[in-house]
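Engineer: Based on what follows, work out the 3D shape:
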Amino acid sequence: MAARKLFVNIQVADLDGAKAFYGALGFTFNQKFTDDKAACMVVNDDAYFMLLTPAFFQGFTTRQPCDLTTHTEALFAVSCASRAEVDEIVRKAIAAGGAHAMPPQDHGFMYGWSFYDVDGHHWEVLWMDPSHV
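Structural biologist: Below is the predicted model:
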């Protein structure tokens, strides 16, 4: 089976603001799939987040998006190469306008910390000891 790519579509209230937020965390954007309705945020060569304006997002579903001030739609988790990188990304997220979600969690072989982005999406940032994977 060929490797699959992952595209996660999330609604953002302010596309330019979301791009600035994620850019501050070090993410880049594929300009071929970015316009005034959507931005393709690159996680790696096989994983992307499509940041969609509300009207564009609504065109992909018949359901209402959840209220991120009171509900969690999902936990988006990204891995890091070190504990220090976990801390760095969360600190950058807070400095760029995000908010703390949960306190840091240290399980010895795994360390994680989390934040809410500027729209309220819950992000988990984690490091796992490669000898335990």
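Engineer: Please report the distance of the nearest residue to Gly97 once chain neighbours are set aside from Pro65.
Structural biologist: If the residues on either side of it in the chain are set aside, Gly97 comes closest to Val118, at 4.9 Å by Cβ to Cβ, 6 or more residues apart in numbering. For glycine as for every other residue, the C-beta is placed from the backbone atoms N, C-alpha and C. Taken as Cβ to Cβ, to the nearest Å, the spacing of Val118 relative to Pro65 amounts to 15 Å.
Engineer: More neighbours: the two, which one.
Structural biologist: A count of neighbours by other Cβ atoms under 10 Å puts Val118 above the other of Val118 and Pro65, at 18 against 14.
Engineer: where's the more buried one relative to Ala55, distance?
Structural biologist: 19 Å.
Engineer: and if you look at Leu15?
Structural biologist: 11 Å.
Engineer: same question, His71
Structural biologist: Distance, His71 to Ala55, using Cβ to Cβ: 21 Å.
Engineer: any idea how far Glu85 is from Ala39?
Structural biologist: Distance of Glu85 to Ala39, given as Cβ to Cβ: 23 Å.
Engineer: ditto for Thr62
Structural biologist: For Thr62, the distance to Ala39 (Cβ to Cβ) stands at 24 Å.
Engineer: Looking at those two, which is more packed in?
Structural biologist: Counted by other Cβ under 10 Å, Thr62 and Ala39 do not tie: Ala39 has more neighbours, with 24 against 5.
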